[in-house]
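1. My questions are about this predicted structure, shown below with the sequence.
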Amino acid sequence: MNEVLITTVFIVILVSGVYFYAGYLTKTGKAEDADGNLIPDEWEEKFGWFFSAKGLIMFTLGLLLGYLLGNQFPI
């Protein structure tokens, strides 16, 4: 169970890092963002599904992380 928790934490950090970096690139002007949604246009063309499902992905990862932490460290 510990391996699953570590893997889930790593995935949460990785996905959050991608979302943060997309916002960083557009805010600093290093990538073009014509529609102002903090997603570089190049990434939006290739990985549009990833950014359109951002809420669902983060919600699912949060639930999974909460469940695993609850089982690992019960109150």
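-> Sure, I can see it.

2. ok now the lengthiest helix in the chain, how far from the chain's centre?
-> As assigned by DSSP state H, the longest helix anywhere in the chain is helix 2-28. Offset of helix 2-28 from its chain centre (Cα atoms, centre = their mean, to the nearest Å): 5 Å.

3. packing partners for that helix?
-> helix 48-52, helix 54-72 (3 or more Cβ pairs under 8 Å, 6 or more residues apart in numbering; DSSP states H and E). Using the backbone N, CA and C atoms, a C-beta is placed for each residue, glycine as well.

4. Can you convert those into a markdown table and add a column each for mean neighbour count?
-> Formatted as a markdown table, the helices and strands packed on helix 2-28 follow (neighbours: other Cβ atoms under 10 Å):
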| stretch | mean neighbour count |
| --- | --- |
| helix 48-52 | 13 |
| helix 54-72 | 12 |
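
5. so how far is the first residue of stretch 32-40 from its last?
-> For stretch 32-40, the separation between the terminal residues is 6 Å (Cα to Cα, to the nearest Å).

6. Let me know which of the helices and strands packed on helix 2-28 is the nearest to Asn2.
-> Evaluated over these, closeness to Asn2 peaks at helix 54-72, with 7.2 Å, by Cβ to Cβ.

7. Quick one: residues in contact with that closest one.
-> Helix 54-72 has contacts (Cβ atoms under 8 Å, 6 or more residues apart in numbering) with Met1, Asn2, Val4, Leu5, Thr8, Val9, Ile11, Val12, Val15, Ser16, Tyr19, Phe50.

8. mind redoing it with 10 Å?
-> Helix 54-72 is contacted from outside by 1-2, 4-9, 11-12, 15-16, 18-19, 22, 39, 49-51, 53, using Cβ atoms under 10 Å, 6 or more residues apart in numbering.

9. I appreciate the help and will end here.
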